[in-house]
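J.: sequence unknown, structure follows:
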């Protein structure tokens, strides 16, 4: 004869339900935050378009590339000299920082002893956290006088490139270091089994495997260089002209907005928002390029 035993409630279905519930809530929380970020970007874009629309309707977009000069008081809105200043400063810094950053990451990851590599990474992270105004102040009191001894006036395209290179170097270095860390160890062991040298392994295995991350780092540092304001404002001289040499003063689009927004009115103010719209457009293109490269790599 068997005695009746009451059925006990299993906790496993209940635990699974709570686990599923937490995952479901997390997914929708992430979706909600992503939607908020997208809405914020659209609101910023809409605000820039609304503020830039008056001058675009009055003078047209071609005036920003064909007018004689940048003189809003005389209804002249040529942005080309500042576009050149922004582009040359950015390209010079990226061309210098990219190889330096990649070589630094290779040194940390494959050549330096562990204590030295760890210390070097901490120093690079410290550089990334320094405010831009500190870089600008250092450039103004140290770098500009040095360039002035070589070729007056000191505040120049060269000073802007040098300061921007220091500012974006941590970005490409840290991204490259993270990309190299993701290279599968099997690739390295296979290269060693084939008898490849250290440099052959890096050039033929590591860099091609990490090219997606490296390209993303280049895009990130380019965006940082384009959007930098305070440092270039302090060391570039802020003269609206197309430079003939690296020793000429220049003015970037971001510095122009910072200098003139405080007193700009009517179409002058609207023209500054056109500058901001142009910068945002470049950043959006860079973000799309990074996404395409990431999808192609995956």
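T.: Nice, thanks for sending it over. Please read these numbers as outputs of a predicted model, since none were measured by experiment. Residues are numbered from 1 along each chain as shown.

J.: show the residue spans covered by the strands in the stretch 1-150 of the chain.
T.: Secondary structure of the stretch 1-150 of the chain (DSSP state E, counting those that start in this stretch): strands located at 70-71, 76-77.

J.: what pairs with the last one, and is each one parallel or antiparallel?
T.: In the sheet containing strand 76-77, its partner strands are strand 70-71 (antiparallel), by DSSP bridges.

J.: residue 54: how many residues sit nearby?
T.: Each residue near residue 54 was counted by other C-beta atoms under 10 Å, and the total is 15. For glycine as for every other residue, the C-beta is placed from the backbone atoms N, C-alpha and C.

J.: if you could redo that for residue 198, that was the one I meant.
T.: Taking other C-beta under 10 Å as the criterion, the count of residues near residue 198 is 13.

J.: assign the residue lying closest to residue 282 once chain neighbours are set aside to helix, strand or coil.
T.: Leaving aside its chain neighbours, residue 282 sits nearest to residue 226 (5.9 Å; criterion: C-beta to C-beta, 6 or more residues apart in numbering). The assignment at residue 226 comes out as helix when based on DSSP: H, G, I helix; E, B strand; the rest coil.

J.: what's the separation between residue 226 and residue 208?
T.: To residue 208, residue 226 is 28 Å away according to C-beta to C-beta, to the nearest Å.

J.: quick one: the helices in the stretch 51-200 of the chain?
T.: 63-66, 80-106, 114-129, 132-138, 144-150, 157-181, 185-193, 198-201 (DSSP state H, counting those that start in this stretch).

J.: out of those helices, nearest to residue 284?
T.: helix 80-106 (15.9 Å; C-beta to C-beta).

J.: show the average pLDDT along the closest one.
T.: Averaged over helix 80-106, pLDDT sits at 94.

J.: quick one: it to chain centroid distance?
T.: With C-alpha atoms, centre = their mean, to the nearest Å as the basis, helix 80-106 stands 11 Å off its chain's centre.

J.: flag every buried residue along that helix.
T.: For helix 80-106, a neighbour-count test (16 or more other C-beta atoms under 10 Å) marks 81-86, 88-90, 92-94, 96-98, 101-102, 104-106 as buried.

J.: helices and strands around it, which ones?
T.: Other helices and strands packing on helix 80-106, by 3 or more C-beta pairs under 8 Å, 6 or more residues apart in numbering; DSSP states H and E, are helix 157-181, helix 211-227, helix 253-260.

J.: I'd like those as JSON lines, with mean pLDDT appended.
T.: Converted to JSON lines, the helices and strands packed on helix 80-106 look like this (pLDDT from 0 to 100):
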{"stretch": "helix 157-181", "mean pLDDT": "93"}
{"stretch": "helix 211-227", "mean pLDDT": "89"}
{"stretch": "helix 253-260", "mean pLDDT": "93"}
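
J.: return the most buried member of those helices.
T.: helix 157-181 (a mean of 24; mean count of other C-beta atoms under 10 Å).

J.: can you name every helix or strand that it contacts?
T.: Counting contacts by 3+ C-beta pairs under 8 Å, 6+ apart, helix 157-181 packs against helix 80-106, helix 114-129, helix 132-138, helix 144-150, helix 211-227, helix 230-235.

J.: now the angle from the fifth one to helix 80-106?
T.: Computed by axes from the mean of the first three to the mean of the last three C-alpha atoms, to 10 degrees, the angle separating helix 211-227 from helix 80-106 equals 140 degrees.

J.: distance from the chain centre to helix 211-227, please.
T.: 5 Å.

J.: re earlier: need the helices of the stretch 51-200 of the chain in a markdown table with distance to residue 248, can you?
T.: Formatted as a markdown table, these follow (distance: least, C-beta to C-beta, whole Å):
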| stretch | distance to residue 248 |
| --- | --- |
| helix 63-66 | 21 |
| helix 80-106 | 9 |
| helix 114-129 | 28 |
| helix 132-138 | 19 |
| helix 144-150 | 12 |
| helix 157-181 | 6 |
| helix 185-193 | 47 |
| helix 198-201 | 40 |
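
J.: so which of these gets nearest residue 279?
T.: Nearest to residue 279, of all these, is helix 80-106, at 8.0 Å by C-beta to C-beta.

J.: hmm, back to that, switch the strands of the stretch 1-150 of the chain over to TSV; also include mean neighbour count and mean pLDDT.
T.: As requested, these are exported to TSV (neighbours: other C-beta atoms under 10 Å; pLDDT from 0 to 100):
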stretch	mean neighbour count	mean pLDDT
strand 70-71	16	91
strand 76-77	20	91
